[in-house]
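*Asks:* Next one to model:
(one chain, ligands or ions: 1)
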Amino acid sequence: MAGSSTKSVLFVCLGNICRSPIAEAVFRKMATDAGVVDTWRIDSAATSTYEIGNPPDYRGQACMKKHNVPMRHVARQWVIDSGATSDWNTGSSPDARGLACLRKHNIETDHRARQVTKDDFMGFEYILCMDESNLSDLKRKANSVKNSKAKVELLGAYDPQKQLIIRDPYYGSDADFEMVYEQCVRCCKAFLEANS
Ligand SMILES: N#Cc1ccccc1-c1cc(NCCCN2CCCCC2)c2ccccc2n1
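*Replies:* Sure thing, here's the model as predicted:
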């Protein structure tokens, strides 16, 4: 891990195209505005393989644009297993259609789909997820990593309004993405303050 003053947070949801990229973008903007972004390692990932290599959901991107929050991420799978998961995407570049979409929205990304490493558990102090199924997935996977140091928590645990669960908006509306955004703003603000 980098210098001791460096903190690290991995935001996690099911597909890493809706909730966790929004949380990552919101937190990065807050840390930037607070002048501390260089002391943070910030990333997001998925518990599933559903969307590896894909750009953030267009509804989430629209929501971020509306709120003037820059966004750059391409989904990567985060699965811890003793066995090897597929190496199909290792080192490959994102899907051309996703890159075209990102270029259209002037969103630069250098993200490469990458196979999960056990370092993820040791590389992040905080792994903050969105709902109970993410949490149980992560806790189960943490048990398969010998010396995992990450604190695995619900991002919603930081919400001053006590909305513990940030619900999956995948089958939802723009209003559901707006709700995800508002919850991420409240939680990321409180999380940053708790770590400043
Ligand atoms: N699953 C579920 C689920 C249940 C309730 C609410 C939302 C979802 C849901 C569904 C998604 N993709 C459709 C199904 C994917 N296929 C599922 C079977 C294996 C092959 C892949 C999502 C994709 C990205 C981010 C969030 C998603 N969330």
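
*Asks:* Ranking helices and strands of the protein by mean pLDDT, which lands last?
*Replies:* The helix or strand of the chain with the lowest confidence, counting by mean pLDDT, DSSP states H and E, is helix 96-104 at a mean of 52.

*Asks:* From Ile17, how far off is Ala75?
*Replies:* 5 Å (CB to CB, to the nearest Å). No exception for glycine: its C-beta is placed from N, CA and C like everyone else's.

*Asks:* picking that back up, ok, then the element right after the least confident helix or strand of the chain?
*Replies:* helix 119-123 (DSSP states H and E).

*Asks:* Which positions in the next helix or strand after that next one come out as buried?
*Replies:* Of the helices and strands lying after helix 119-123 in sequence (DSSP H and E), the nearest is strand 126-129. Neighbour counts using 16 or more other CB atoms under 10 Å place Tyr126, Ile127, Leu128, Cys129 of strand 126-129 among the buried residues.

*Asks:* Name the residues that touch strand 126-129?
*Replies:* Residues from elsewhere that reach strand 126-129 (CB atoms under 8 Å, 6 or more residues apart in numbering): 7-13, 20, 23, 47, 121, 135, 138, 150-155, 187, 191.

*Asks:* Also within reach of the ligand: list those from the residues you listed.
*Replies:* For the ligand, no contacts are drawn from the contacts of strand 126-129 by CB under 6 Å from any ligand atom.

*Asks:* List buried residues within these.
*Replies:* Buried, going by 16+ other CB under 10 Å: 7-13, 20, 23, 47, 121, 135, 138, 150, 152, 154-155, 187, 191, out of those.

*Asks:* Ser133: neighbouring residues, count only.
*Replies:* 13 (other CB atoms under 10 Å).

*Asks:* What about the residue lying closest to Val36 once chain neighbours are set aside, how many residues nearby?
*Replies:* Nearest non-adjacent residue to Val36, counting by CB to CB, 6 or more residues apart in numbering: Ser196, 6.9 Å away. Counted with other CB under 10 Å, residues neighbouring Ser196 total 10.

*Asks:* any idea how far Ala34 is from Ser196?
*Replies:* 7 Å.
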